[in-house]
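Enquirer: Got a predicted structure plus its sequence, pasted below:
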There are 2 protein chains.
Amino acid sequence: MIEVSIMTVGDEICIGQIVNTNASWIASHCTAIGAKIINHFAVPDERYAMINGLDMLIDNSDFVLITGGLGPTHDDITKPVLTEYFNDKLVLHELTYKRLEEMYNKRGTEFLERNKKLAYLPSKCKILINNSGSAPGMLFEQNGKYIISMPGVPSEMKDIMFNHVLPLIKSEIINNKSDVVLYKTLNTIGIPESHLADLLGNPDEFLNGGTLAFLPSYNGVKLRIGFSSENSKSAEEEINKIENYIRSRAGRFISGIGEEVITETVGKLLKEKRKTVSVAESCTGGLLGGAFTGIPGSSDYFSGGVIVYSNDAKINILGVPKDIINKFGAVSEETAIELAKNVREKFSTDYGISVTGIAGPGGGTKDKPVGTVWIGISDSKSTVAKKFVFADDRNINRELFVGRALGLLYMKLMDRL
Amino acid sequence: MIEVSIMTVGDEICIGQIVNTNASWIASHCTAIGAKIINHFAVPDERYAMINGLDMLIDNSDFVLITGGLGPTHDDITKPVLTEYFNDKLVLHELTYKRLEEMYNKRGTEFLERNKKLAYLPSKCKILINNSGSAPGMLFEQNGKYIISMPGVPSEMKDIMFNHVLPLIKSEIINNKSDVVLYKTLNTIGIPESHLADLLGNPDEFLNGGTLAFLPSYNGVKLRIGFSSENSKSAEEEINKIENYIRSRAGRFISGIGEEVITETVGKLLKEKRKTVSVAESCTGGLLGGAFTGIPGSSDYFSGGVIVYSNDAKINILGVPKDIINKFGAVSEETAIELAKNVREKFSTDYGISVTGIAGPGGGTKDKPVGTVWIGISDSKSTVAKKFVFADDRNINRELFVGRALGLLYMKLMDRL
């Protein structure tokens, strides 16, 4: 098996100022071609921490993939540290210099001394051209192991991963006849983790050496099957066997496969059934529409919607009778029903979905605590609204509201509502 | 200095199926009280990987904070591994058992054997009550170091962090008279990283032992100042001195401080000026409204908007003349202007913002490649639209479009547009 470590360099990751999306992107793309990710390691912009990390990771891995610390400012230390670590020195790399010069000329921004430094690179490494930015990648080889440094800017890292790193890992897997480990994920809706586990029974009896993970999410539990084998084909076959067993026990709860998110599942169903949908959003403020339109091709079934954040908007734009809001409140079954029905009619869609709730931190009452939401769903035959009560955190609530709205539409499309 | 390592256990993190938001949350909250995060380490659900990681992290840190792997299914291995690691055994913890029983009774879901196992806990650890879920935290002490295990569910982890872990770290800092390291971030808009670095000059001349990091983001470069000192007061004073110097050189580019995002900066300005805003979104599908409403209290200035994803919606709901769309296209200066003006009028707000672009992957042409966006901004005096061309990735484009729309509103509010 080709084993990969991911090392992220940067105070901004280490102190939690930003989330480490690079590590998960790299991990998922290496996993997809059968490599095994053995760890993610994040360190601050500090020489000592980097060197210690390198010592540990190189020992245990075939590939160490490093991101971050390649920029033009004084806190970018990856290049000097790697140069020191491999007893190397910086030399001018002509091609990189020319590329930089052209890039700055094209943009019309001044080519500063500070930027020219990016063309001085360690003499022993192989330079990996970066088509998306200024700092190239660097590949060092040591005792049959590869240490690769890439910029932390996601688009630049991805450019180098696609053009250089993933092809190299793939060829190593083939050349070394390494085992591969593959995964497949089944998404479920409508069953809690423990009940699902009981329904499937003892994993040892059907896994045949594979692995099975239960992953709770906002929209339901995901089941991830893993299998390590001598080649992709046999790993896939074993995974299919496990999938078939799981489907025989819990098939009715499985809504989608792979990394498919519920927005895709629902989108596919809408497309198949040639149905369209529109949304009326209060507390989610556009996030449900944002979720639908996150899927390429969503214009086939998503027409749009109204963000009715203020009560005035609910009344004036979507025609909710003032009396209903006064009598029942903006967060009520009645308002949710009006919103869902009216947005469907206004946009002439097959379905209308409404979300009106209290995301927090303010606005909660004893009867309607923070986390309360009414979700309405309307078609030409009927309009209903369901109430859910979630937690205290504004952002989590808004995600949960969106997830539950999509879940309700899924159940509606499957005639299970 | 109190040094903290964060260890995340779980295949889902390691293979990149989900992003490690727990690590960044823990890191930012420990950093805020003056502890130093020395690394993040993520490992798969594997006994050997966990034990190796523990060996390394315990050696180097005062606290090892572990999340994940405490659930009720077979792939949750953190508890057995820690029990083995500390030569301990599992015993029934009465209080936890009672809490679990009550919780399941209250929810009306069956208290399965599988769930009862959660009450069997290592005898030597201190149990940290979890008010948000079923698996409690566990605190082990070894040679003056603390090893703390928490569930991976974010709300449960946060509950235990707030109630147990952060207070303990705080008291350790005070009791040991440890140095603290504090940070402050200044957000800039409208100046590239290299130019900002040149404007500030040689950091050694004004940092006085502190640190300065340049963090490029979708909305501008952030400058993070750090200072380590014997107490919070003196660290804050030194940070203020550095901030004053930076403001004297680059003050006109600084839009906000701390972890304030541009949505907050713009929200504050709107509140101060008693202005309101509405949005008309095509390709962003609601994400701009979602960004505005992510800020608590945004109802003071954000009224709502229309998601005009289809051309029909642009024409029928927001009254864009059909001729304009036919002649100039949906992604055009003319359409952006109509949308911004009409949404402002429809919602009776002071400002209207529109976003119409091609997020990709499809829909690009030679004249209007993927990444092209027109952003309109309207007030009672005038309506203008600006064009930007970004990259190829749908999700990144949508984030960039939202960021640039907020940037334009900021410039408008500062009379700099």
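Expert: Received it, and whenever you're ready, just let me know what you need. Everything numeric in this text was worked out from a predicted model, so none of it was measured.
Enquirer: Make sure A:Leu318 is actually in contact with A:Arg344.
Expert: No: in this structure A:Leu318 lies outside contact range of A:Arg344 using CB atoms under 8 Å: 10.5 Å. All C-beta atoms are positioned from the backbone trio N, CA, C, and that covers glycine.
Enquirer: neighbour count winner among those two?
Expert: The neighbour comparison of A:Leu318 against A:Arg344 (other CB atoms under 10 Å in any protein chain shown) goes to A:Arg344, with 27 against 23.
Enquirer: did I read that right, the more buried one in a strand?
Expert: No: assessed with DSSP: H, G, I helix; E, B strand; the rest coil, A:Arg344 is helix; it does not lie in a strand.
Enquirer: separation between it and chain B?
Expert: Separation of A:Arg344 from chain B (CB to the nearest CB, to the nearest Å) stands at 13 Å.
Enquirer: repeat for A:Lys116
Expert: For A:Lys116, the distance to chain B - CB to the nearest CB - is 11 Å.
Enquirer: Is that residue in a helix, a strand, or coil?
Expert: helix.
Enquirer: Tally up the residues packed near it, please.
Expert: Using other CB under 10 Å: A:Lys116 sits among 15 other residues.
Enquirer: Could you do A:Pro80 as well?
Expert: So A:Pro80, with other CB under 10 Å, has 14 neighbours.
Enquirer: how about the strand or helix carrying it: buried residues?
Expert: Using DSSP states H and E, A:Pro80 maps to helix A:78-85. Across helix A:78-85, burial judged by 16 or more other CB atoms under 10 Å in any protein chain shown covers A:78-79, A:81-83, A:85.
Enquirer: interface residues of the stretch 301-417 of chain A facing chain B?
Expert: A:302-310, A:312-313, A:317, A:346-348, A:360-362, A:391, A:393-396, A:398 (CB under 8 Å from any CB of the partner chain).
Enquirer: Please flag which of these sit within strands.
Expert: Among these, DSSP state E puts A:302-307 in strands.
Enquirer: wait, doesn't A:Ser228 sit right on A:Asp179?
Expert: Yes: A:Ser228 lies in contact with A:Asp179 (CB under 8 Å); the separation is 5.6 Å.
Enquirer: Show me the common contact partners of these two, please.
Expert: A:Met1 (CB atoms under 8 Å, 6 or more residues apart in numbering or on different chains).
Enquirer: Weed out the non-buried ones from the residues of the stretch 301-417 of chain A next to chain B.
Expert: A:302-310, A:313, A:317, A:346-347, A:360, A:393-394, A:396, A:398.
Enquirer: which bits of the stretch 151-300 of chain A sit near chain B?
Expert: A:153-155, A:183, A:185, A:192-195, A:197-198, A:203, A:211-217, A:222, A:224, A:226, A:259, A:279, A:281, A:283-290, A:292-294, A:296-299.
Enquirer: Now, those that are in helices?
Expert: Counting by DSSP state H, the part of these found in helices is A:154-155, A:193-195, A:197-198, A:287-290, A:292.
Enquirer: Now the two most distant members of those residues.
Expert: A:Ser155 and A:Asp198 (44.9 Å; CB to CB).
Enquirer: Give me the pLDDT value at the closest residue in space to A:Gly305 that isn't next to it in sequence.
Expert: Leaving out its chain neighbours, the residue that sits closest to A:Gly305 by CB to CB, 6 or more residues apart in numbering or on different chains is A:Val279, at 3.5 Å. For A:Val279, the model assigns a pLDDT of 98.
Enquirer: which residues touch A:Val279?
Expert: Applying CB under 8 Å, 6+ apart to A:Val279 gives the contacts A:288-289, A:292, A:304-306, A:343, A:352-355, A:405, B:286, B:307.
Enquirer: So which of those residues is the closest to A:Val165?
Expert: Distance to A:Val165 across the contacts of A:Val279 (CB to CB) is lowest for A:Phe292, with 33.3 Å.
Enquirer: Was I right to think the closest one contacts A:Phe302?
Expert: Yes: if you go by CB under 8 Å, A:Phe292 and A:Phe302 touch, sitting 4.3 Å apart.
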